[in-house]
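K.L.:
sequence and predicted model, in that order:
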Amino acid sequence: MSAPMGPDEGYERALGEFAAALVDLRINHGAPTYKQLSKAAQTAGRTSLSSSAISEAMNGVRLPSMEFTLELVRQIAGHDPQVREAWRERWTRVRRLQRRGTAYRARPERTSPNQGEGQQGFESPPDGPRSAALREAAEIVAQARVEAEVLIAEAQAQADEILRAAEEVKKSAVRDISPAVARLMTRESMRIILLGPPGAGKGTQGMYLKRILGVPKVQIGDLMRENISQGTSSGLLAKQIMDRGDLIPDGVFMDMLRHRLSREDVSDGFLLDGLPRTVEQSQMLDSLVDERGHKIDIALHLDISRDEAVRRISGRRICKKDSSHVAHVLYAPPQGYDACRVCGGGFVARADDSRHVVKNRWAVWEAYTEPTAALYGARGQLVKVSGYGSVDEVTERAVDALAAFFG
């Protein structure tokens with residue numbers, strides 16, 4: 001029978017297993033290089049992951065900090081809470097063994113009863129039950145100290161993460177409360193239509209603007225799926241029509257929209273995405289809004305070229321595991337081996353994101369929706385902003401344009 005391992009041996013073995021698990025995690029998620037991991041962490045701005053420190057962690061040279069470990073796991077495996085928690089527990093176990101070894105080495109040596117006065121140490125108790133109880137008590141105290149230090153380290157890491165998240169929220173809030181936003185927030189209501197060719201970024205800007213302006217985003221595609229899933233009369237009719245392969249009449253969409261605009265959350269306004277696509281639909285929308293004693297305030301038109309639309313849409317890639325995870329071959333490329341940054345799944349190009357389909361969608365836009373935009377322009381209700389640049393840049397231009405329009 002082999003002798004039991006000492007505290008240092010237990011820690012070294014656990015550290016080796018910890019490093020091996022890191023290597024397996026990296027291999028299982030496309031084996032990104034150390035430089036890629038370091039660059040991604042630098043971009044995220046949470047924790048620095050130098051290539052040398054990653055190498056030491058992967059080779060079991062030393063146990064990295066919990067903050068370093070969790071960021072490294074985040075960059076390799078994405079934002080999966082279960083994976084993150086599993087690694088937090090794994091780190092804590094290794095850290096506990098490390099602390100135990102440190103406490104064991106730092107424990108004062110017991111001395112004999114003949115040790116002179118002024119010398120440090122403990123008097124060795126006589127053999128027997130009392131001696132065994134004292135040794136057990138000392139071990140319990142040492143173990144409790146180790147576990148307390150681990151808990152403190154873990155709590156500190158969690159507190160640091162919360163503080164970083166709070167700082168990001170603070171920065172976002174400061175950015176959002178610009179003079180233009182402040183002016184817009186004094187308005188009683190805002191009813192805004194989002195217009196733009198395919199690929200202009202209406203969906204993305206709608207998500208940002210609804211948070212900044214404090215009004216809900218109403219997306220016709222989402223509204224139709226909601227009605228179908230809930231089995232409303234309009235939803236059931238739409239499903240029957242789609243199952244036959246026919247186009248859904250405007251009246252069905254407008255009936256869904258009528259019920260949506262009767263809800264309390266849109267009493268102060270909304271952002272409408274997906275309608276109107278034709279002049280006829282714009283006239284029906286005017287009548288629908290007028291029924292509630294309101295009117296459309298403005299049509300916000302995001303402008304890009306056809307070439308840019310083709311680049312944006314044809315370069316889009318969708319995760320096989322979760323279609324909400326999207327990458328782009330030019331603007332947000334996936335990590336090594338086309339792996340999703342969030343869940344590690346592979347990416348594919350959707351059939352309706354091909355160049356041919358995008359060009360057809362653009363032709364439909366020019367034939368039907370451009371005249372609709374021109375109609376709002378003739379009424380003095382159209383504001384056009386460039387859709388080029390980063391999301392934040394386009395959002396800032398949109399907010400400034402809305403503030404200038406409303407005065």
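P.N.:
All right, it came through fine. Residues are numbered from 1 along each chain as shown.

K.L.:
hey, let's count contacts and neighbours off CA atoms from now on
P.N.:
Noted.

K.L.:
mind listing what's buried in the helix or strand containing residue 256?
P.N.:
Element membership for residue 256 (DSSP states H and E) is helix 250-260. Residues 252, 253, 254, 256, 257, 258 are the ones in helix 250-260 that count as buried (16 or more other Cα atoms under 10 Å).

K.L.:
repeat that for stretch 196-214.
P.N.:
196, 197, 198, 199, 200, 201, 202, 205, 206, 209, 212, 213.

K.L.:
outside of that stretch, which residues touch it?
P.N.:
For stretch 196-214, the surrounding residues in contact (Cα atoms under 8 Å, 6 or more residues apart in numbering) are 176, 181, 184-185, 194-195, 216-217, 270-271, 273, 301-304, 308-310, 312-313, 358, 361-362, 365, 387, 391, 394-395, 399.

K.L.:
buried members of these into PyMOL, please.
P.N.:
Those of these that count as buried under 16+ other Cα under 10 Å are selected in PyMOL with:
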select buried, resi 176+181+184+185+194+195+216+217+270+271+273+301+302+303+304+309+310+312+313+358+362+365+387+394+395+399
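
K.L.:
circling back to that earlier point, now do the helix holding residue 256: distance to the chain's middle.
P.N.:
32 Å (Cα atoms, centre = their mean, to the nearest Å).

K.L.:
what is the rounded mean pLDDT of it?
P.N.:
For helix 250-260, mean pLDDT is 93.

K.L.:
who are the packing partners of it?
P.N.:
helix 220-230, helix 233-243, helix 279-290 (3 or more Cα pairs under 8 Å, 6 or more residues apart in numbering; DSSP states H and E).

K.L.:
make TSV out of those and add distance to residue 190.
P.N.:
Listed next are the helices and strands packed on helix 250-260 as TSV, based on distance: least, Cα to Cα, whole Å:
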stretch	distance to residue 190
helix 220-230	18
helix 233-243	27
helix 279-290	12
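
K.L.:
which of the three states applies to residue 192?
P.N.:
The local conformation at residue 192, judged by DSSP: H, G, I helix; E, B strand; the rest coil, is strand.

K.L.:
now residue 179: how far from residue 185?
P.N.:
Applying Cα to Cα, to the nearest Å, the value for residue 179 to residue 185 is 10 Å.

K.L.:
so what's residue 224 up against?
P.N.:
Residues near residue 224 by Cα under 8 Å, 6+ apart: 235, 238, 253, 256.

K.L.:
let's see 10 Å
P.N.:
When contacts are counted by Cα atoms under 10 Å, 6 or more residues apart in numbering, residue 224 touches 230, 234, 235, 238, 239, 252, 253, 256, 257.

K.L.:
with adjacent residues omitted, what lies nearest to residue 296?
P.N.:
residue 191 (5.3 Å; Cα to Cα, 6 or more residues apart in numbering).

K.L.:
is the one you found in a bridge, and if so with what?
P.N.:
Beta-bridge partners of residue 191, counted by DSSP bridges, are residue 270.

K.L.:
strands of the stretch 251-400 of the chain, start to end?
P.N.:
Per DSSP state E, counting those that start in this stretch, the stretch 251-400 of the chain carries strands over the ranges 269-273, 298-303, 316-319, 326-328, 347-348, 382-386.
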